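Student: coords below, sequence missing:
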């Protein structure tokens, strides 16, 4: 059921995802196609803000901070997972794998490489600060629209 807290959580974490994605773009090698990257991460933030943060709002400030951080971490996890699987599918279209296990292993390796590449203060700062602020504002929205 749609609520004000779900809407606020969705919009705020869409913004968190978008701004975190903008911080990621300079870490990729030059020539990498990043046309839909910020939009895709923003959509992951929208879904997580609606389903995770919005549905758990209204349980107190401590829980709001924890749920906001959880939502931000889920945005990062699903973004890394999605783009490592995308890379696996692009490579499999070029017939680079001899079997399913090799493709999954390469996807996991790509996931770890993307994670290590994302370990910067700018990216995780946006995710942590945005998660805390987004969680608190969603909590405020839940209390305001009871």
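Tutor: All right, it came through fine. Model, not experiment: these values are computed from the prediction. Numbering: from 1, shown residues only.

Student: check contacts around the residue nearest to the spatial centre of the chain.
Tutor: Computing the C-alpha centroid of the chain and ranking residues by C-alpha atoms, centre = their mean puts residue 75 first, at 1.8 Å. Residues in contact with residue 75 (C-beta atoms under 8 Å, 6 or more residues apart in numbering) are 13, 16-17, 20, 41, 44-45, 48, 127. For every residue, glycine as well, the C-beta is placed using N, CA and C.

Student: From those, which land in strands?
Tutor: Judged by DSSP state E, strands contain none of those.

Student: Take the residues you listed and keep only those in helices.
Tutor: Residues of these located in helices (DSSP state H): 13, 16-17, 20, 41, 44-45, 48, 127.

Student: Confidence-wise, which helix or strand of this structure is lowest on average?
Tutor: The helix or strand of the chain with the lowest confidence, counting by mean pLDDT, DSSP states H and E, is helix 54-56 at a mean of 87.

Student: Pull the contacting residues for residue 77.
Tutor: Residue 77 sits in contact with no residue, where contact means C-beta under 8 Å, 6+ apart.

Student: In terms of helix, strand or coil, where does it fall?
Tutor: On the three-state scheme (DSSP: H, G, I helix; E, B strand; the rest coil), residue 77 is labelled helix.
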